[in-house]
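Undergrad: Build me a model from this:
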Amino acid sequence: MSDHMRHITLKSRPKGAPTPANFEMQTSDVPIPGKGEVLVRVHYVSLDPYMRGRMDDAKSYAAPVPLGGTMEGGGVGEVLISHDDGFETGDMVFGMFGWTTHAVAAANTLRKLDPTRGPVTAALGVLGMPGFTGWHGLNAYGRPKSGETLVVAAATGPVGSMVGQLAKSAGLRVIGIAGGADKCALATDTFGFDVCLDHRAHADARSLRTALKKACPKGIDIYFENVGGKVLEAVMPLMNPHGRIPICGMISWYNAGGLGAGADAAMSAPALWRPILVKFLSVNGFIISNHWDQFPKFLSEVGPKVQSGDIRVVEDIAQGLESAPEAFIGLLEGRNRGKQIVKLI
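TA: Numbering: from 1, shown residues only. Now for the predicted structure:
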C-alpha cells in the first residue's frame, strides 16, 4: 500500500462559473484509522450539481467546503484496513469520502455494497443519492396518477431519468427537456420518454413554451423542478389546476454564486406567484438528506427494477482523479449525458 494519497482541494472560491484554477491537487500521507474507523482506497468518485453550492461561502443547509479543504462528495471504494467488526479488508463500501484516493471514515457512516448484484457505481447514481432524490420527490410531492402529464428537465441525468422512468411505468405521459439532440434521443430511445425537447433549440422561454404546449396538449400536472431558469418560465403558465412542483435543485442558476441568489432571473414574482395562487399549485422544496429514513424502502423497491433492466442506467465515466475538475465544470455546463463519475483505479 502506498504511503501517500492524492486529493483535490478548493483553492479559491469561484466568481461565477468554476474554472480549473479554483481547484488544487495535493499529496498527503495516507491517514491511519482509529477505533471504529476504516481506511478506504477510493475507486470511484461521484460528481453532482450540489457541489457547486458547497464552493460558495453562503449560508445553506450544509457548511461550505473551507478553502484548502478537500472537495466533498460520495465515493465507492475498497476497505484496506478495518478497526470495526462490521467491515473486513476487501469489502466494497459507499461513503462521503470526497475527491480523494484514500479516506478514513467512521464505520457507522458507510454502506456495504455487494458487487455480485451489479456494478458498484450504481451506489453513486441510480441506487444512490440522485436516484433516491428522483424517487422520493416524485412519490412524496409529485403524487403521480395514471393519465397525467409530467415534465422534467435534465432528462438524461440520474435524477431526471429516474423521475421519467418511474412516471412512465406509473402510466403518465412523460415529457423531458434536455440540452442537445443526442440527449433528447437518449431520453426517448433509452429511457422511454414520450417526447424530449431540446432547450438549446429555443432562444427564450416563450419559444420553449410553444413547443411544450404542443407536447402537453392537456397541460402539465407535475413539473419536477431541478433546473430553474428558462424551463421554469416556460412551464409555469402551462400548469394545470392542483398541479404539483417538487423542487430539488436549480442548476441553471448555480454558477451565479451564492446558491443562485445572484441569478439574473427574468421571471418576476407576480408571474411566478399568481399561477401558484389561482391554480392551487402545491410547491414543495426538499433536501434529500432529510429523508434517509426512506432509503431502505427506495432500495427494496427500485433495486430489483435496476437489476431486471426495467430501470435503465447511463453513466459518463472520466478517467483519473486529475480529470475531476474539468468533468465537474462540464457537468454544470450540461456536457455529460448521464450520471457523471470519475474512475480512479
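Undergrad: separation between the residue most central in space within the chain and residue 226?
TA: Residue closest to the mean C-alpha point of the chain, counted by Cα atoms, centre = their mean, is residue 130 at 4.4 Å. Distance, residue 130 to residue 226, by Cβ to Cβ, to the nearest Å: 10 Å. (C-beta placed from N, C-alpha, C; glycine too.)
Undergrad: With residue 304 instead?
TA: 25 Å.
Undergrad: Looking at those two, which is more packed in?
TA: residue 226 (25 against 11; other Cβ atoms under 10 Å).
Undergrad: quick one: pLDDT of the more buried one?
TA: pLDDT, residue 226: 92.
Undergrad: Next: the one 4 residues further on.
TA: What the model reports for residue 230 is a pLDDT of 90.
Undergrad: Do you know the pLDDT at the residue nearest to it when sequence neighbours are not counted?
TA: Using Cβ to Cβ, 6 or more residues apart in numbering and skipping the chain neighbours, the partner closest in space to residue 230 is residue 205 (4.8 Å). pLDDT for residue 205: 92.
Undergrad: Surely residue 205 and residue 236 touch.
TA: No - between residue 205 and residue 236 there is no contact under Cβ atoms under 8 Å: 9.1 Å.
Undergrad: now the helices: where do they sit in this structure?
TA: 50-54, 129-136, 158-169, 181-189, 205-215, 229-235, 251-254, 269-278, 295-308, 324-332 (DSSP state H).
Undergrad: remind me which residues of the stretch 1-150 of the chain are low pLDDT?
TA: When residues are selected by pLDDT under 70, those of the stretch 1-150 of the chain lie in 1.
Undergrad: can you rerun that using 80?
TA: 1-2, 60-61 (pLDDT under 80).
Undergrad: try the stretch 151-300 of the chain
TA: 252-269.
Undergrad: If we use 90, what do you get?
TA: The model of the stretch 151-300 of the chain has pLDDT under 90 over residues 228-229, 249-273.
Undergrad: hey, where'd the strands end up in the stretch 51-200 of the chain?
TA: Secondary structure of the stretch 51-200 of the chain (DSSP state E, counting those that start in this stretch): strands at 75-82, 92-95, 102-106, 111-113, 149-153, 173-178, 195-198.
Undergrad: Indicate which one of those is closest to residue 291.
TA: strand 111-113 (15.7 Å; Cβ to Cβ).
Undergrad: partners of that closest one, with directions?
TA: strand 92-95 (antiparallel) (DSSP bridges).
Undergrad: And the contacts of the partner strand?
TA: 38, 40, 43, 74-79, 87, 103, 105, 109-115, 120, 123-124, 128 (Cβ atoms under 8 Å, 6 or more residues apart in numbering).
Undergrad: unless I'm mixing things up, residue 240 is touching residue 220, no?
TA: Yes - look at residue 240 against residue 220 with Cβ under 8 Å: they come within range, at 6.2 Å.
Undergrad: Between those two, tell me which one has more neighbours.
TA: More crowded of residue 240 and residue 220, by other Cβ under 10 Å: residue 220, with 24 against 17.
Undergrad: Centre of the chain to stretch 137-152, how far?
TA: Relative to its chain's centre, stretch 137-152 lies at 18 Å (Cα atoms, centre = their mean, to the nearest Å).
Undergrad: picking up where we left off before, if any of the contacts of strand 92-95 are buried, give me the ChimeraX selection for them.
TA: Per 16 or more other Cβ atoms under 10 Å, the buried members of the contacts of strand 92-95 correspond to this ChimeraX selection:
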select :38,40,43,74,75,76,77,78,79,87,103,105,110,113,120,123,124,128
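Undergrad: Please name the residues that touch the closest residue in space to residue 202 that isn't next to it in sequence.
TA: Leaving out its chain neighbours, the residue that sits closest to residue 202 by Cβ to Cβ, 6+ apart is residue 208, at 4.0 Å. With contact set as Cβ under 8 Å, 6+ apart, residue 208 has these partners: 177, 197, 199, 202, 230, 231, 234.
Undergrad: among the residues you listed, who's most crowded?
TA: Within the contacts of residue 208, residue 177 tops the neighbour count with 29 neighbours, counted by other Cβ under 10 Å.
Undergrad: Near the residue nearest to residue 149 when sequence neighbours are not counted, how many residues? Count them for me, please.
TA: Spatial nearest neighbour of residue 149, excluding adjacent residues (Cβ to Cβ, 6+ apart): residue 173 at 4.5 Å. By other Cβ under 10 Å, the residues close to residue 173 number 21.
Undergrad: Thanks again, I'm all set now.
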